[in-house]
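>>> Take this sequence and fold it.
(one chain, ligands or ions: 2)
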Amino acid sequence: MAPRPLGPLVLALGGAAAVLGSVLFILWKTYFGRGRERRWDRGEAWWGAEAARLPEWDEWDPEDEEDEEPALEELEQREVLVLGLDGAGKSTFLRVLSGKPPLEGHIPTWGFNSVRLPTKDFEVDLLEIGGSQNLRFYWKEFVSEVDVLVFVVDSADRLRLPWARQELHKLLDKDPDLPVVVVANKQDLSEAMSMGELQRELGLQAIDNQREVFLLAASIAPAGPSFEEPGTVHIWKLLLELLS
Ligand SMILES: Nc1nc2c(ncn2[C@@H]2O[C@H](COP(=O)(O)OP(=O)(O)OP(=O)(O)O)[C@@H](O)[C@H]2O)c(=O)[nH]1
Ligand SMILES: [Mg+2]
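Numbers count the residues shown, from 1 in each chain. Ligands and ions are numbered 1, 2, ... in the order given. So this is what the prediction gives:
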């Protein structure tokens, strides 16, 4: 039997997916530059980073002016990729970190979403790529470009945990040197799995000790008003340590 030609719908979908992937990648490159290449050399002390400053008047040399304008020294950038299945809490994490209240309900990210947060020594760019099935295909294209991966898991989504595990391990295999912070989100929910269970079910015990993989409990946007341990601060502090 002759092979069936691909239907126009399949071709159109394939084309749209390829275009979306390319657009995401170009936007990433444009926005974030050369990624991990720009990191400080590990041997170099991070506190060697100087604060942004304009040249002092007595440092000004008119001959220099012909070549270039005195430029404001830019802060170094650090890049953090935030991934996880749809509904895990990635956008909520970015909102809370940037001081905005969580949104009511789940509004899926159809592409990517980013925030830039300044610190004393560098700026941190956090990039979320949506977790819906058609976007997961593009995740792997970005992991080698960043300094840290944050992988957000819905601790109460027992049914889809095997999918989360599979996607996480694909990313771990893609870049063996990338530090990974797994955020066990929604710990406020009564059906949330314990940390021990999550560590086992996500296959984190089997990971080589040499590799930097952290599992942190969190309730980024707890449902009840009385929950006191949101965990976002701990994640941020760990990120700053890893990025320094
Ligand atoms: N109970 C509870 N709900 C949370 C928590 N964090 C986030 N949520 C809710 O989870 C839902 C999904 O959150 P989002 O941040 O939009 O999920 P996402 O990972 O960005 O999803 P996609 O963009 O589709 O990939 C929202 O209704 C949030 O309010 C939490 O700690 N506890
Ligand atoms: Mg989102």
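>>> Spell out which residues of this structure are next to ligand 2.
90, 91, 109 (CB under 5 Å from the ion). (Each C-beta comes from the backbone N, C-alpha and C, glycine too.)
>>> Most neighbours of all these, which one?
residue 90 (27 neighbours; other CB atoms under 10 Å).
>>> State the phi and psi torsions of residue 154.
Main-chain torsions, residue 154, degrees, to the nearest 10: phi -80, psi 110.
>>> so where is this protein shaky, pLDDT-wise?
Applying pLDDT under 70 to the chain flags the ranges 1-19, 21-23, 25-73, 208-209, 225-230.
>>> all helices of it, in order?
Remark: helices assigned in the chain by DSSP state H are 8-32, 62-67, 90-97, 133-139, 161-174, 195-201, 232-243.
>>> Which positions within the fourth one qualify as buried?
Of the residues in helix 133-139, those buried under the neighbour-count criterion (16 or more other CB atoms under 10 Å) are 135, 136, 138, 139.
>>> just the fifth one next, same as before
Within helix 161-174, the residues that qualify as buried by neighbour count (16+ other CB under 10 Å) are 161, 164, 165, 167, 168, 171, 172.
>>> likewise stretch 98-113?
Result for stretch 98-113 [16+ other CB under 10 Å]: buried residues 109, 112, 113.
>>> Contacts made by it with the rest, please.
Stretch 98-113 is contacted from outside by 20, 24, 27-28, 86-87, 90-92, 94-96, 115, 117, 127-132, 135, 220-221, using CB atoms under 8 Å, 6 or more residues apart in numbering.
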